[in-house]
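Chemist: could you look at this predicted model? Sequence included:
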Amino acid sequence: MKRPVGMRPAREIVTTALEVRCPYCGESLEICQHRVRWVMRLDGDVHLTRRDRKCRSSGCEGPNRIFHAPEDLRLALPYRTYGLDVTLAIGERHLRGESLGSVQRDLNARGIPIDQRHTGRVFRDFLALAGVALGDDASRRERLRAQGGIVLMCDGVQFDETAPVLYLAWDAMSGTPLFSERKAFRAEEDLRPILERVKAMDVPVIGIVSDKEKGLVPAVEAVFPETPYQFCQTHFLKNCARPLQEDLSALGASVTRRATCVHGIAKRLHEAEVSAPTAASPATETAAPKMPDAEFGREVCELVRQNARASGKAPLDPPELKRHEKLEAVRQLLSDDARKRGRPAKPRARR
C-alpha cells in the first residue's frame, strides 16, 4: 500500500527469517529481499519490514527456496492495510447493532482513513477470521508436514472487557493461521477444543509458545503434555521493563517540552524573515536587519522536529529513550558549533 499523505508518524517493526544456515548445504543464508507495507492501527501506524533469506551457495543441491520472515498475525492479517485491532473494533461493534456508517465515522474521527465500503470489507474479514479452519485442508497439512512440523502459537485478542475473546492458533514458522474460535469464557475446558483440533491435524508440533493466560497454560499441558512449551519472551521483557515506565513517561514529557520550545523558535524565525523589509532600494538595503545563521537555525529546528518523533520498539528500544538520545545528539552538535565559533556554550536547561 502507498502511504497516504498526512498519515501519523509510524513506528518501525522489522522481522527477519528465523533460519540462519541452509538446511541442505549448511552455508550461511543471506538476506535477499525486503517486503514493506504500512499498517494502520488504533494505537498508531506501523511501518512493517520483513527480511527474507536465501542460500546463494553455488554448490547447494537444495531447491531454490526463500526462507520468509515470520508474520505476526496479532499485528495485522496478511495482505491487509488495517490492523487486527481495527478489524476487531469493526466486527464486535457491528455485531452489537452499530451501523457500519457510525463505526466508520468514529474511526475517521480517531485518525483512521477508511470509507464505508472498506468498513464492510473489514467486517467480512472479521467474520472469516472468527471461523478460520485452514488446518482442515489436506493440501495445507501436507505443506506443513513437508516443512518438518509446526511451531504452534496460540493467543487471544479482545475488543473490550465485555466482548468475547477471539482465540487464534497459528504456525509461527510459515505464518499460517490454523483455527480460530470466539470464546465467552477463558477456562481450561473452554480452550482445550481449539488445541485438540490442532492435534487432530496429525502434523508434528515441534514446540508451543503462548503467554501465561490462566486457562491456556493448563489446556496446553493437558493436550500436548510431551511437547516443548515456553512462554512468550516479549511478554516477559515487557514485565521486566514495567518498573521503568514512570521514568520513560517523564522522559517522553521532557522530549515534548523541548520540541515545543524549538517549534516556537522556528516560528519566530519564520515571522522575522517574513516581516523583514525587502531590499528594494539602497536605503532599504542599509536599513534591513540581517539574521545571522538563519538558515542554520531553520535546519536545526527541522532536525529537532524529526528526531522528536523518532520511532522505537519497546521494551528493549523504547521510543522515549531513542528520542531523548537523538535530541541530545542535536544539542551536542550545537555545542560543537558554538565552540568552533568561539562562543560560550549555553548551560543545559533543566528538563
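Modeler: Received, thanks. Residues are numbered from 1 along each chain as shown.
Chemist: which parts of the stretch 51-200 of the chain are strands?
Modeler: Applying DSSP state E, counting those that start in this stretch to the stretch 51-200 of the chain gives strands spanning 66-67, 150-157, 165-171, 177-183.
Chemist: outline the domain layout of the chain.
Modeler: Per automatic domain parsing, the domain ranges recorded for the chain read 133-231, 247-276+288-340.
Chemist: heading C-terminal from the worst-scoring helix or strand of the chain on mean pLDDT, find the next helix or strand.
Modeler: Ranked by mean pLDDT, DSSP states H and E, the weakest helix or strand in the chain is helix 282-287, scoring a mean of 45. Downstream of helix 282-287, the next assigned helix or strand under DSSP states H and E is helix 294-307.
Chemist: what is the helix or strand that that following helix is followed by packed up against?
Modeler: Next helix or strand after helix 294-307 toward the C-terminus (DSSP H and E): helix 319-340. Using 3 or more C-beta pairs under 8 Å, 6 or more residues apart in numbering; DSSP states H and E, the elements in contact with helix 319-340 are helix 245-275, helix 294-307. For glycine as for every other residue, the C-beta is placed from the backbone atoms N, C-alpha and C.
Chemist: can you map out the helices along the stretch 51-200 of the chain?
Modeler: Under the criterion DSSP state H, counting those that start in this stretch, the stretch 51-200 of the chain contains helices at 84-95, 100-109, 116-129, 138-146, 188-199.
Chemist: do you know which of the ones you listed lies nearest Asp211?
Modeler: Checking these against Asp211 by C-beta to C-beta gives helix 188-199 as the closest, at 12.4 Å.
Chemist: which parts of stretch 126-141 count as buried, going by neighbours?
Modeler: Across stretch 126-141, burial judged by 16 or more other C-beta atoms under 10 Å covers Phe126, Leu129, Ala130, Val132, Gly135, Arg140, Arg141.
Chemist: next, the contact list for the first one, please.
Modeler: Going back to what we said before, that points to Phe126. Residues in contact with Phe126 (C-beta atoms under 8 Å, 6 or more residues apart in numbering) are Thr87, Leu88, Ile90, Gly91, Glu92.
Chemist: so what's the residue count around the second one?
Modeler: Going back to what we said before, that points to Leu88. As a burial measure, Leu88 scores 21 neighbours (other C-beta atoms under 10 Å).
Chemist: got it, and the fourth one?
Modeler: Residues within reach of Gly91, counting by other C-beta under 10 Å, total 23.
Chemist: list the contacts of it.
Modeler: Residues near Gly91 by C-beta under 8 Å, 6+ apart: Val122, Phe123, Phe126, Leu127, Leu129, Ala130, Phe159.
Chemist: I'd say His47 and Arg35 touch.
Modeler: No: taking C-beta atoms under 8 Å as the definition, His47 is not a contact partner of Arg35, at 12.0 Å.
Chemist: quick one: which of the two has more around it?
Modeler: Between His47 and Arg35, counted using other C-beta under 10 Å, the more crowded position is His47 (17 against 13).
Chemist: how far is the one helix or strand that one maps to from where the chain is centred?
Modeler: Take DSSP H and E as the rule and His47 turns out to sit in strand 44-54. With C-alpha atoms, centre = their mean, to the nearest Å as the basis, strand 44-54 stands 9 Å off its chain's centre.
Chemist: in its sheet, what does it sit against?
Modeler: strand 10-16 (parallel), strand 30-41 (antiparallel), strand 66-67 (antiparallel) (DSSP bridges).
Chemist: confirm that Asp202 sits in a strand.
Modeler: No: looking at Asp202 with DSSP: H, G, I helix; E, B strand; the rest coil, it is coil, so not inside a strand.
Chemist: what about it, neighbour count?
Modeler: Neighbour number of Asp202 under other C-beta under 10 Å is 7.
Chemist: now swap in Pro23 and tell me
Modeler: Pro23: 12 neighbours (other C-beta under 10 Å).
Chemist: wait, it sits on Glu61?
Modeler: No: counting by C-beta under 8 Å, no contact exists between Pro23 and Glu61, whose distance comes to 11.5 Å.
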